[in-house]
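Colleague: Just a sequence and a predicted model for now, questions to come.
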Amino acid sequence: MQEEFLFAGFGGQGVMFAGQLLAYAAMDEGLEVTWIPSYGPEMRGGTAHCYVVISDKPIGSPIVKHPKVVIVFNYPSFERYAPEVAPGGLLALNASLITQRSHRTDITELPVPATELADELGNLRLANVIMLGAVLAVRPVLSLDAMRHALENHIPEHRRDMLSANLEALERGADFAASLVSAGAGAV
């Protein structure tokens, strides 16, 4: 088993945190993992993306030309990375900020109104974990329990006050995606 993820958005949207959290969860589950971040010229407001590769065997390369899962948080990232999704892959997009769709017939799209859901939870910064929960509900590479443990064990000390909100965001994203799948709605 090998799964490749690409997280992309503006700096400040929690792109790196979401990727790193997934990498920690995989590592804690005893899997092989790589996490490679890339920042634009400015950290907050510039472009940011990271690759996460998870495998049960040694990983040959941390960079993937066509990742199986692409999670985009803003329109410029959608434009840039939607064509990169491997055939049969998943494109998860923050439908609060991205109204377009790729129109590709060889991938699955998961439109999640992550910013709106985060606003309902009272903190826009939770959109990243909502997206992660939604993706794992559709592509259960790791369990939500593994993600909960990763949050509990790896959230930075200066963000410990956000632990319960992040746990709630993870559930909200997973519940939203599950409701899309069960309703047969959207592109999922």
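Modeller: Everything's here; your move.
Colleague: three-state assignment of S61?
Modeller: coil (DSSP: H, G, I helix; E, B strand; the rest coil).
Colleague: my bad, should have said W35
Modeller: Under three-state DSSP, W35 comes out as strand.
Colleague: How many neighbouring residues does it have?
Modeller: Residues near W35, counting by other C-beta atoms under 10 Å, number 21. For every residue, glycine as well, the C-beta is placed using N, CA and C.
Colleague: just checking, it touches I59?
Modeller: No: at 10.9 Å, W35 does not count as touching I59 under the criterion of C-beta atoms under 8 Å.
Colleague: low-scoring stretches of the protein, by residue?
Modeller: 40-46, 183-188 (pLDDT under 70).
Colleague: Break down it into its helices, ranges please.
Modeller: For the chain, applying DSSP state H gives helices covering 15-28, 75-81, 114-121, 127-138, 144-154, 163-183.
Colleague: Which stretch among the ones you listed is buried most, on average?
Modeller: helix 127-138 (a mean of 27; mean count of other C-beta atoms under 10 Å).
Colleague: Put together a markdown table for the helices of the chain, with distance to L6 on each row.
Modeller: Output for the helices of the chain, formatted as a markdown table (distance: least, C-beta to C-beta, whole Å):
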| stretch | distance to L6 |
| --- | --- |
| helix 15-28 | 9 |
| helix 75-81 | 6 |
| helix 114-121 | 16 |
| helix 127-138 | 11 |
| helix 144-154 | 18 |
| helix 163-183 | 18 |
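Colleague: Thank you kindly, that will do.
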